[in-house]
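In: Below are the sequence and a predicted model for it; my questions follow.
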Amino acid sequence: MIMAHGALALFLILYGESFGLPLPGESALIAAALLAAHGDLPIGSVFLAAWGGAVLGDSTGYLIGRWGGRYALRRYGGFFKLTPERLDHLEKTARDRGFLVVFTARFVVVLRQLNGIVAGSVGMPWPHFVLANALGAALWAGLWSFGPYLFTDWFRRFL
């Protein structure tokens with residue numbers, strides 16, 4: 001799909017994964033970076049598609065969480081062992097360490113998909129969320145797009 005539709009396909013995959021859909025975002029990004037190393041895609045487009053898809057997907061998740069997540073967590077949290085006490089603790093963590101959690105969540109598989117929804121649900125302030133999200137996504141997209149792109153030849157020496 002990425003070979004046929006390029007950066008747009010990568011953007012859509014990462015956008016969907018970033019607000020909770022079970023899609024292979026990181027694998028798609030690495031594949032796109034390898035295609036770029038082979039000369040089939042421009043690496044700048046790969047990076048921008050990855051960063052944009054990640055930021056906008058997480059932001060969509062944040063809005064979903066903000067508009068209905070808190071109600072859903074209060075009502076259905078018991079099914080996932082999320083007691084009112086645990087929800088209060090989660091909200092306190094979002095207030096105290098929310099920026100760091102959002103910034104690093106992109107590097108952890110399940111957190112990457114739920115990051116925005118949880119941040120919106122627990123009421124993390126939008127300016128803090130969007131800054132942490134944009135910076136974390138830039139670091140993550142840079143690592144997984146430029147890393148494989150730049151080091152593909154280096155790894156070939158070992159194969």
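Out: Received, thanks.
In: helices and strands of the chain: which one has the lowest mean pLDDT?
Out: Ranked by mean pLDDT, DSSP states H and E, the weakest helix or strand in the chain is helix 70-76, scoring a mean of 82.
In: pull the longest helix from this protein.
Out: helix 126-156 (DSSP state H).
In: how would you label L41: helix, strand or coil?
Out: coil (DSSP: H, G, I helix; E, B strand; the rest coil).
In: what about it, distance to S27?
Out: According to C-beta to C-beta, to the nearest Å, L41 and S27 sit 15 Å apart. Quick note: C-beta positions are derived from backbone N, CA and C, even for glycine.
In: Between those two, which has more neighbouring residues?
Out: L41 (23 against 12; other C-beta atoms under 10 Å).
In: Please name the nearest non-neighbouring residue to that one.
Out: L35 (4.7 Å; C-beta to C-beta, 6 or more residues apart in numbering).
In: Contacts for the least confident helix or strand of the chain next, please.
Out: 82, 84, 87, 121-123 (C-beta atoms under 8 Å, 6 or more residues apart in numbering).
In: In helices, which of the residues you listed appear?
Out: 84, 87, 121.
In: ok, the second one - contacts?
Out: I take that to be L87. 73-74, 77, 122.
In: Same question for the strand or helix carrying V101: list its buried residues.
Out: Assessed by DSSP states H and E, V101 sits inside helix 84-105. Judged by neighbour count (16 or more other C-beta atoms under 10 Å), helix 84-105 contains these buried residues: 87, 90-91, 94, 98-99, 101-105.
In: What of stretch 33-40?
Out: 33-37.
In: any chance of the ones in helices among the contacts of helix 70-76 in JSON lines, plus pLDDT?
Out: As requested, those are exported to JSON lines (pLDDT from 0 to 100):
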{"residue": "P84", "pLDDT": "82"}
{"residue": "L87", "pLDDT": "83"}
{"residue": "S121", "pLDDT": "89"}
